[in-house]
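Participant: Fold the following for me, if possible:
(2 chains)
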Amino acid sequence: GDSVTQMEGPVTLSEEAFLTINCTYTATGYPSLFWYVQYPGEGLQLLLKATKADDKGSNKGFEATYRKETTSFHLEKGSVQVSDSAVYFCALSDGGSQGNLIFGKGTKLSVKP
Amino acid sequence: NAGVMQNPRHLVRRRGQEARLRCSPVKGHSHVYWYRQLPEEGLKFMVYLQKENIIDESGMPKERFSAEFPKEGPSILRIQQVVRGDSAAYFCASSKPGTGGEQYFGPGTRLTVT
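Facilitator: Next up, the predicted model:
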């Protein structure tokens, strides 16, 4: 079945460092891809999405490009802030089940001042 | 502009008791999803409901678990005769029709079975 694999955490960075969180997927069809973020004590929030190959999703300085040839959707940010500390989840929706999401295990990011 | 509401936020039950988790979706959202997050795991889909209908329950354990989304009131996830392995965080999400995986999540209910 469909699945998502993302890099294990935790990831600890200094403020203004470059961030990459790797995410690869397995899907039989043409899924939509998402990054969700969970701040401490809160629910998940949609960070960005891409619905077809070569689409780039972006929001709040974060970017991810839908790469069909490498089945990847890596999350990047050029300069992280302390406020970016959270758990990041990569997810896919195959549409066949009308939108339920398949998640990776999550990557915890801690940014130190 | 209330988001998805879940209550209670924390629930402690003894083995064999029933757990009832509530979810009020974003106003105007007719689709509700329930996910479970076990320790050190990602979120796993359990069930997808629309008003008065279960659309997909492929992720729901066959026994003891049930879900509903009545015409009026919140969606309910019910776990009967809880066991220690049911201890987890349960998240509810809602969406509008046709928005695929763009879901709005509640803060979750953390269930502890003692």
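
Participant: Can you name the residues that contact residue A:72?
Facilitator: A:22-25 (CB atoms under 8 Å, 6 or more residues apart in numbering or on different chains). Where C-beta positions appear, they are placed from N, C-alpha and C, glycine not excepted.

Participant: Then residue B:15?
Facilitator: B:82-84, B:113-114.

Participant: Mind pulling the model confidence for it?
Facilitator: The model reports residue B:15 with a pLDDT of 97.

Participant: Could you pick out the buried ones from the contacts of residue A:72?
Facilitator: A:22-25 (16 or more other CB atoms under 10 Å in any protein chain shown).

Participant: Going by distance to chain B, which of the residues you listed wins?
Facilitator: residue A:23 (11.5 Å; CB to the nearest CB).

Participant: is the closest one in a bridge, and if so with what?
Facilitator: Here residue A:23 sits in beta bridges with residue A:6, as judged by DSSP bridges.

Participant: Settle this for me: it is touching residue A:34, isn't it.
Facilitator: No. Using CB atoms under 8 Å as the test, residue A:23 is too far from residue A:34 to be in contact (9.9 Å).

Participant: For chain B, which residues score under the pLDDT cut-off?
Facilitator: B:1, B:100 (pLDDT under 70).

Participant: host element of the closest residue to chain A within it?
Facilitator: Nearest residue of chain B to chain A: residue B:101, at 3.1 Å (CB to the nearest CB). Under the criterion of DSSP states H and E, residue B:101 resides outside all helices and strands.

Participant: Where does chain A get nearest to chain B, residue-wise?
Facilitator: residue A:93 (3.1 Å).

Participant: In a markdown table, list the buried ones among the contacts of residue A:72 along with distance to residue A:40 and pLDDT.
Facilitator: Compiled in a markdown table, the buried ones among the contacts of residue A:72 are given as follows (distance: CB to CB, whole Å; pLDDT from 0 to 100):
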| residue | distance to residue A:40 | pLDDT |
| --- | --- | --- |
| A:22 | 23 | 97 |
| A:23 | 22 | 97 |
| A:24 | 27 | 97 |
| A:25 | 27 | 96 |
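
Participant: Let me have the residues you listed in JSON lines, adding distance to residue A:88 as columns.
Facilitator: Listed next are the buried ones among the contacts of residue A:72 as JSON lines, based on distance: CB to CB, whole Å:
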{"residue": "A:22", "distance to residue A:88": "11"}
{"residue": "A:23", "distance to residue A:88": "9"}
{"residue": "A:24", "distance to residue A:88": "15"}
{"residue": "A:25", "distance to residue A:88": "15"}
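
Participant: Strands of chain B, start to end?
Facilitator: According to DSSP state E, chain B carries its strands in the segments B:5-7, B:10-13, B:19-24, B:31-37, B:43-50, B:53-56, B:65-68, B:75-79, B:88-95, B:104-105, B:109-113.
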